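K.L.:
Based on what follows, work out the 3D shape:
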Amino acid sequence: MESIPSEITKSIVYAARHVPGYLREDAEQEAALGALSAMPRFDPARGVKLRTFLDRRAVGAVKDWWRRQDPATRSHRRAIKAGDAPEIISQPVFCHKNLPALEPSPEAQYLRNEAHCRLRSAIRRLSPSRAQILMGLYFEDRTYKDLAVAMGRSAESVGQSRGQALKQLRRMLK
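P.N.:
Now for the predicted structure:
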């Protein structure tokens with residue numbers, strides 16, 4: 001992608017940003033084709049920025065590509081959502097949710113575990129209240145309100161302490 005001008009490269013990345021990783025390269029190729037094929041039609045006299053023009057063309061190309069991958073039509077999709085789809089239509093179709101999850105490599109697992117160990121170690125060095133807030137919010141899925149009640153503080157105070165704790169944590173992990 002180095003030979004493609006910067007604006008087109010940004011549009012390609014923008015267009016493929018929501019496509020799952022294992023399909024992103026294909027989506028980026030479609031976005032590149034869409035953006036490059038639209039270039040001759042770009043007219044700066046219309047008052048539209050090049051990036052805006054390319055983004056729309058690239059996103060449209062990715063959407064068209066994504067629809068071509070799915071054998072179900074829009075009316076079939078509506079029927080599936082409504083629950084009254086015929087048996088043959090309700091079988092799994094091309095969708096990233098229906099594909100098996102890719103297992104991370106052993107190296108990726110090791111690096112993730114190492115990062116978690118560093119993070120937990122740094123959290124233990126914080127003050128007990130800041131550690132409790134970060135552990136509650138990020139590891140125990142508790143809410144600000146829930147933590148505030150448990151700690152006898154306001155939710156705003158918990159939010160401020162969270163921000164201070166994150167700043168301190170960033171400094172520790174540098």
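K.L.:
Could I get the full set of helices for this structure?
P.N.:
6-15, 21-38, 50-69, 74-82, 106-124, 128-134, 144-151, 155-173 (DSSP state H).
K.L.:
Among those helices, show the one with the smallest mean pLDDT.
P.N.:
Lowest mean pLDDT within the helices of the chain: helix 74-82, a mean of 72.
K.L.:
Measure how it sits relative to helix 50-69, angle-wise.
P.N.:
Relative orientation of helix 74-82 versus helix 50-69 (axes from the mean of the first three to the mean of the last three CA atoms, to 10 degrees): 70 degrees.
K.L.:
mind exporting helix 74-82 as CSV, just the C-alpha atoms?
P.N.:
C-alpha atoms of helix 74-82 as CSV (Å, rounded to 0.1, in the frame of the first residue of the first chain):
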residue,chain,number,x,y,z
ARG,A,74,-32.4,-8.4,2.3
SER,A,75,-35.9,-9.8,2.3
HIS,A,76,-34.5,-13.1,3.6
ARG,A,77,-32.6,-11.2,6.3
ARG,A,78,-35.9,-9.5,7.4
ALA,A,79,-37.6,-12.9,7.5
ILE,A,80,-34.8,-14.4,9.6
LYS,A,81,-35.0,-11.5,12.1
ALA,A,82,-38.8,-11.8,12.3
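K.L.:
Show me what counts as buried in that helix.
P.N.:
By 16 or more other CB atoms under 10 Å, the buried positions in helix 74-82 come out as 76, 79. The way it works is simple: take the backbone N, C-alpha and C, and place the C-beta from them, glycine included.
K.L.:
Please tell me how far it is from the chain's geometric centre.
P.N.:
Between the centre of helix 74-82 and the centre of its chain there are 26 Å (CA atoms, centre = their mean, to the nearest Å).
K.L.:
and it, what does it pack onto?
P.N.:
If you count contacts as 3 or more CB pairs under 8 Å, 6 or more residues apart in numbering; DSSP states H and E, helix 74-82 packs onto no helix or strand.
K.L.:
re the thing from before, can you tell me which of the helices of the chain comes nearest to Pro44?
P.N.:
Across the helices of the chain, Pro44 has its closest neighbour in helix 50-69 (7.4 Å, CB to CB).
K.L.:
how about the closest one: buried residues?
P.N.:
53-62, 65-66.
K.L.:
Just the angle for it relative to helix 21-38, thanks.
P.N.:
Using the same axes, to 10 degrees: helix 50-69 against helix 21-38 is 120 degrees.
K.L.:
contacting residues around helix 50-69?
P.N.:
Outside helix 50-69, the residues within contact range by CB atoms under 8 Å, 6 or more residues apart in numbering are 7-8, 10-12, 14-16, 19, 26-27, 30-35, 37-39, 42, 44, 94.
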